[in-house]
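Participant: Based on what follows, work out the 3D shape:
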Amino acid sequence: MSTSPPVRTDLDEATLDRLLHRAVAEIIPEEQFVRMLKSGRQLRLKMGFDPTRPDLTLGHAVGLRKLRQLQALGHKVVLIVGDWTAQIGDPSGQSETRPLLTRAEVEENAATYLRQFFKVVDQALTEVRWQSEWLSDFGLGDVIRLASRFTVAQMLAREDFAKRYAAQRPIYLHEFLYPLIQAYDSVVVQADVEFGGTDQTFNLLMGRELQELVGQPPQAVVTVPLLVGTDGRLKMSKSAGNYIALEDPPEEMYGKVMSLPDTLILDYFRLVTDVPDGEIAAMGAAMEQGENPMAFKKRLAAEIVRQFHGPEAAAAAEAHFTRVFQERQVPEEMPEARLTGFRDGVREVNLPDLLTETGLTASRGEARRLIGQGGVEVDGERITSLEARVRDGSVIRAGKRRWLRVVDAGRP
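Facilitator: Below is the predicted model of the structure:
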């Protein structure tokens, strides 16, 4: 049976500064958090995820990596699986309400979430708690008593609610329950510190306030920056399509990192790698003086792939990228489409149909747009029409990283 390591309190200034400021947006209050770290007591570090979608992204890893750093000092993560709140409202702080999920959908997503959590955090120093442990029997009286501790004015202080109220867009009463329930989670698990993105600050502070109201020591709050996605503009998310999933295959993960705008290189190094600050500063200075960012971006891609797939996979992904994208060579392995109807070794294909049916594009509309933008090649030739002639063995390239080989299914 594994035992918890002793809590480390011998934190030098460099280590403490890294804990407090690298990949951290705000600590409320910082003085309390520092006192906790130096107390010698094992802290209960709460972080919650609502399993609304099956995949975690590199954006989630920002907070998870901070938890892992604190686990290395002997502290315990209390991971709240929001199997109850995932079914009731809008936890994301987005401006529109979210469709409710069924219990089966939540459980299926949660199973994949847990597998991915432990790619980053230490499972031996993690306590997994399901909200349904304490909320499945939560009655109307409990809800009313909890709601009586807060005012409508407090709820409208949340930025998302305030914007919707000012714009006369609907706010449903059940949406007010989410921050209350998240706060109640902190009381149940007796959290010392709660972690979340900057879009969760309001909810995290609600937990701190409720703990004080019921006589518990108030939790400190640590928020982490929101990672910008591969489009260079929006927060990384599945819905925006600008994400890098923790379970992306190595070559795809590497390629997505290489597609980042150069302006994000340093932020990604700071938020999702362990490269020392001094080296990151030196890279920034070099790029300001005109050095090509490509080498730095390749290092970033290798660092990220190594975290989730290991050094061998990182080396193979880099070799693949060099061969396919820098030297413009065709990858050694790719999916195949087995077709019939060849005459004299050739046949006509409808590209939008073929690309969609084989999964290279999500829809025929996307395929048509890609063709119109010059993003589809057949045997190295750019195709601008919806119909194309292919041969047995023809290679189709859609976008930068999607490949398909055509095979004559009638070939002996």
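Participant: who's in contact with residue 243?
Facilitator: 55, 57-59, 229-230, 236-237 (Cβ atoms under 8 Å, 6 or more residues apart in numbering). No exception for glycine: its C-beta is placed from N, CA and C like everyone else's.
Participant: mind checking the SS state of it?
Facilitator: Judged by DSSP: H, G, I helix; E, B strand; the rest coil, the three-state class of residue 243 is coil.
Participant: ok, it to residue 302 distance?
Facilitator: Separation of residue 243 from residue 302 (Cβ to Cβ, to the nearest Å) stands at 20 Å.
Participant: Same check on residue 192?
Facilitator: Using Cβ to Cβ, one gets 36 Å for the distance from residue 192 to residue 302.
Participant: and if you look at residue 81?
Facilitator: 32 Å.
Participant: Looking at those two now, which is surrounded by more residues?
Facilitator: Shown here are residue 81 and residue 302; by other Cβ atoms under 10 Å, residue 81 has more neighbours (25 against 20).
Participant: next one: phi and psi at the more buried one?
Facilitator: Backbone geometry at residue 81, expressed as degrees, to the nearest 10, gives phi -90, psi 110.
Participant: Mind listing the residues bridging to it?
Facilitator: With DSSP bridges as the criterion, residue 81 is bridged to residue 49, residue 130.
Participant: quick one, what contacts it?
Facilitator: Applying Cβ under 8 Å, 6+ apart, we find residue 81 in contact with 48-49, 51, 110, 113-114, 128-131.
Participant: Stretch 158-165: which residues count as buried?
Facilitator: Buried residues in stretch 158-165, counted by 16 or more other Cβ atoms under 10 Å: 158, 160-161, 164.
Participant: Could you tell me which of the residues you listed are located in helices?
Facilitator: Among the buried residues of stretch 158-165, DSSP state H puts 160-161, 164 in helices.
Participant: related to what we said a few turns ago, would you turn the contacts of residue 243 into TSV with distance to residue 378, secondary structure and neighbour count?
Facilitator: Listed next are these as TSV, based on distance: Cβ to Cβ, whole Å; DSSP: H, G, I helix; E, B strand; the rest coil; neighbours: other Cβ atoms under 10 Å:
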residue	distance to residue 378	secondary structure	neighbour count
55	32	coil	15
57	33	strand	22
58	33	helix	24
59	36	helix	24
229	30	coil	23
230	26	coil	20
236	33	coil	21
237	33	coil	17
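Participant: out of the residues you listed, who's nearest residue 354?
Facilitator: When the contacts of residue 243 are ranked by distance to residue 354 (Cβ to Cβ), residue 230 comes first, at 25.8 Å.
Participant: Surely the closest one touches residue 248?
Facilitator: No. With contact defined as Cβ atoms under 8 Å, residue 230 does not count as touching residue 248 (11.3 Å).
Participant: intersection of neighbour lists for the two?
Facilitator: residue 256.
Participant: which of the contacts of residue 81 has the weakest pLDDT?
Facilitator: Lowest in pLDDT among these is residue 51, which has 81.
Participant: before we move on, what SS does it have?
Facilitator: Residue 51 is classified as coil under three-state DSSP.
Participant: likewise residue 317?
Facilitator: Following three-state DSSP, the label given to residue 317 is helix.
Participant: residues contacting the closest residue to it other than its chain neighbours?
Facilitator: Distances taken as Cβ to Cβ, 6 or more residues apart in numbering put residue 254 closest to residue 317, at 3.7 Å, once the chain neighbours are dropped. Residue 254 makes contact with 301-302, 304-305, 314, 317-318, 320-321, according to Cβ under 8 Å, 6+ apart.
Participant: Any chance of the residues you listed in TSV with pLDDT, distance to residue 345 and secondary structure as columns?
Facilitator: What follows is the contacts of residue 254, written out as TSV (pLDDT from 0 to 100; distance: Cβ to Cβ, whole Å; DSSP: H, G, I helix; E, B strand; the rest coil):
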residue	pLDDT	distance to residue 345	secondary structure
301	96	39	helix
302	97	42	helix
304	98	43	helix
305	97	39	helix
314	96	40	helix
317	91	35	helix
318	93	37	helix
320	83	30	helix
321	83	33	helix
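Participant: now, the most widely separated pair of the residues you listed?
Facilitator: Most distant of the contacts of residue 254, by Cβ to Cβ, are 304 and 320, 14.9 Å apart.
Participant: The two: which is more packed in?
Facilitator: residue 304 (26 against 20).
Participant: so who does residue 202 touch?
Facilitator: By Cβ under 8 Å, 6+ apart, the contact set of residue 202 is 157-159, 179.
Participant: for the stretch 51-200 of the chain, what spans make up the helices?
Facilitator: Counting by DSSP state H, counting those that start in this stretch, the stretch 51-200 of the chain has helices at residues 58-71, 103-117, 132-135, 140-147, 152-156, 159-166, 173-189.
Participant: Understood, closing this out.
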